[in-house]
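**Q** got a structure for you, letters missing:
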């Protein structure tokens with residue numbers, strides 16, 4: 001075996017006479033001109049150097065010393081051969097290649113970032129919602145969310161007298177299975193919010209479908225209803241579009257299955273005034289001619305103009321199908337301030353802002369009790385109040401918000417219309433007065449013109465055509481009337 005490869009044949013560092021000298025040379029090169037220290041094996045220091053024992057102390061382990069036959073240990077400036085040692089620079093002992101890191105510095109953009117939680121994977125069909133910065137007044141007033149956002153969240157529904165009456169009437173009609181219900185109201189009074197609140201109060205035996213799109217055909221409406229109640233899926237419709245007869249058959253079979261378990265289906269059509277007459281006329285066919293009464297509950301919600309449309313001849317069947325008719329009215333003057341307080345309490349229980357009573361009356365004057373207009377005005381008033389560091393929203397801030405938004409009170413709009421009609425009537429009256437004054441001033445020329453106009457001869461009439469007089473037909477002897485003898489009345 002080769003002595004180099006044999007571990008037992010390799011000399012130990014203790015037997016190497018040049019080990020201490022090289023170690024001293026290394027210490028001298030790292031620490032400047034410090035003399036080399038003797039290495040002890042009993043109590044090694046933190047740096048690997050030997051510590052000088054105190055006087056009179058004995059070491060438990062003999063010190064590492066050169067072999068007896070090797071002579072005195074060479075100093076830091078001598079070598080075993082007796083030649084003066086030349087100090088090597090540190091760069092030769094430690095080449096730059098060894099001082100560099102094993103892997104070079106990371107390239108820009110490749111450094112490992114902080115340990116962040118994994119990012120949620122968003123499906124492709126799910127739209128990524130943009131991050132919208134919250135308004136500045138939310139933090140200033142201690143709110144957790146926008147209180148006057150134009151959303152239809154049922155938690156913001158204010159139980160006004162009109163909303164409470166309509167909601168109770170709807171729930172009663174649904175529990176009694178009274179059939180079709182018509183709900184009307186002006187835009188912005190909270191019809192959609194009321195419908196969502198009614199859906200949340202239905203029991204588990206009522207399957208609901210809220211339709212908010214303007215369907216162009218009855219097929220689209222049926223597909224959406226069947227998808228909402230879980231009868232079919234959109235993937236099935238995408239693979240094989242169904243016809244109207246197939247959709248009607250599927251709906252009637254579903255309603256029959258609900259009747260067997262004493263369940264109902266509730267379909268709410270919001271903004272029904274946007275549907276064409278062809279779709280509205282076919283809504284009574286959803287239950288089918290042989291359908292079980294009371295299984296399908298249909299609630300149609302729309303503008304007040306929908307009542308006038310239902311009077312048309314094509315929609316008379318649908319008009320006669322409604323068992324309940326109700327309307328949602330705007331807020332009363334004494335309900336506006338309560339509505340604002342309710343919104344603020346829902347958006348933040350510890351809100352640091354309030355609207356005074358005069359501001360509530362002004363909001364009703366500007367909005368007419370329409371909740372959507374109140375929300376827009378309050379949103380801008382809070383923004384202005386935050387800029388002014390105001391804790392109370394008064395009439396001045398509400399008026400400033402109305403001026404910036406261009407909101408005109410309904411009373412002012414009616415006054416503008418009346419003013420225009422009055423101006424038109426005044427213009428007509430002035431025209432008539434001017435004409436009468438002209439006749440009074442120029443009555444003589446007017447009289448002469450009237451006389452001359454009366455003396456103008458008439459235009460000659462056209463030639464008359466003499467038509468022959470038709471002859472009286474001569475009757476046959478058998479057709480001649482038989483004279484009757486006079487009867488004596490006495």
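**A** Looks like it arrived, so ask away. This one's a predicted model, so the numbers in the text were calculated from it and none came from an experiment. Numbering: from 1, shown residues only.
**Q** and the longest helix anywhere in the chain, what other elements does it pack with?
**A** Selection of the longest helix in the chain by residue count, based on DSSP state H, yields helix 410-441. Of the remaining helices and strands, none touches helix 410-441 by 3 or more Cβ pairs under 8 Å, 6 or more residues apart in numbering; DSSP states H and E. Placement of C-beta: from N, CA and C, glycine included.
**Q** Can you name the next helix or strand after it?
**A** helix 443-455 (DSSP states H and E).
**Q** which residues are in contact with that next one?
**A** Helix 443-455 is contacted from outside by residue 439, using Cβ atoms under 8 Å, 6 or more residues apart in numbering.
**Q** where does the chain have low pLDDT?
**A** By pLDDT under 70, the weakly predicted segments of the chain are 1-17, 19-20, 23, 26-135, 288-293, 411-419, 459-468, 471, 475-490.
**Q** buried stuff in the helix or strand where residue 317 lies?
**A** Per DSSP H and E: residue 317 is located in helix 316-321. Residues of helix 316-321 classed as buried: 318, 319, 321 (neighbour count, 16 or more other Cβ atoms under 10 Å).
**Q** and the last one, how far is that from residue 269?
**A** In other words, residue 321. Computed with Cβ to Cβ, to the nearest Å, the distance linking residue 321 and residue 269 is 13 Å.
**Q** Find residues that contact each of these two.
**A** In the contact map built from Cβ under 8 Å, 6+ apart, the residues linked to both residue 321 and residue 269 are residue 283.
**Q** Helix or strand: which one has the residue nearest to residue 229 when sequence neighbours are not counted?
**A** Closest residue to residue 229 apart from its sequence neighbours, by Cβ to Cβ, 6 or more residues apart in numbering: residue 207 at 4.7 Å. In this assignment (DSSP H and E), residue 207 forms part of strand 206-211.
**Q** May I have the strands that pair with that strand, each with its orientation?
**A** strand 264-269 (parallel) (DSSP bridges).
**Q** in the helix or strand just after the partner strand, what counts as buried?
**A** Downstream of strand 264-269, the first helix or strand assigned by DSSP H and E is helix 277-281. Neighbour counts over helix 277-281 (16+ other Cβ under 10 Å) mark 279, 280, 281 as buried.
**Q** Which neighbouring elements make contact with helix 277-281?
**A** Here helix 277-281 touches helix 218-228, helix 316-321, going by 3+ Cβ pairs under 8 Å, 6+ apart.
**Q** go with 7 Å
**A** In this structure, helix 277-281 packs against no helix or strand, with contacts taken as 3 or more Cβ pairs under 7 Å, 6 or more residues apart in numbering; DSSP states H and E.
**Q** what does it rub up against?
**A** Helix 277-281 is contacted from outside by 215, 217, 218, 221, 312, 314, 315, 318, using Cβ atoms under 7 Å, 6 or more residues apart in numbering.
**Q** Now do the SS call for residue 473.
**A** Following DSSP: H, G, I helix; E, B strand; the rest coil, the label given to residue 473 is coil.
**Q** That one - how many residues pack around it?
**A** A total of 6 residues lie near residue 473 under the criterion other Cβ atoms under 10 Å.
**Q** One more: residue 269?
**A** 24.
**Q** what are the bridge partners for it, then?
**A** Applying DSSP bridges to residue 269, the residues it is bridged with are residue 211, residue 300.
**Q** just the strands in the chain please.
**A** Under the criterion DSSP state E, strands of the chain are mapped to 180-185, 206-211, 264-269, 296-302, 322-328, 354-355, 392-393.
**Q** Lovely, talk soon.
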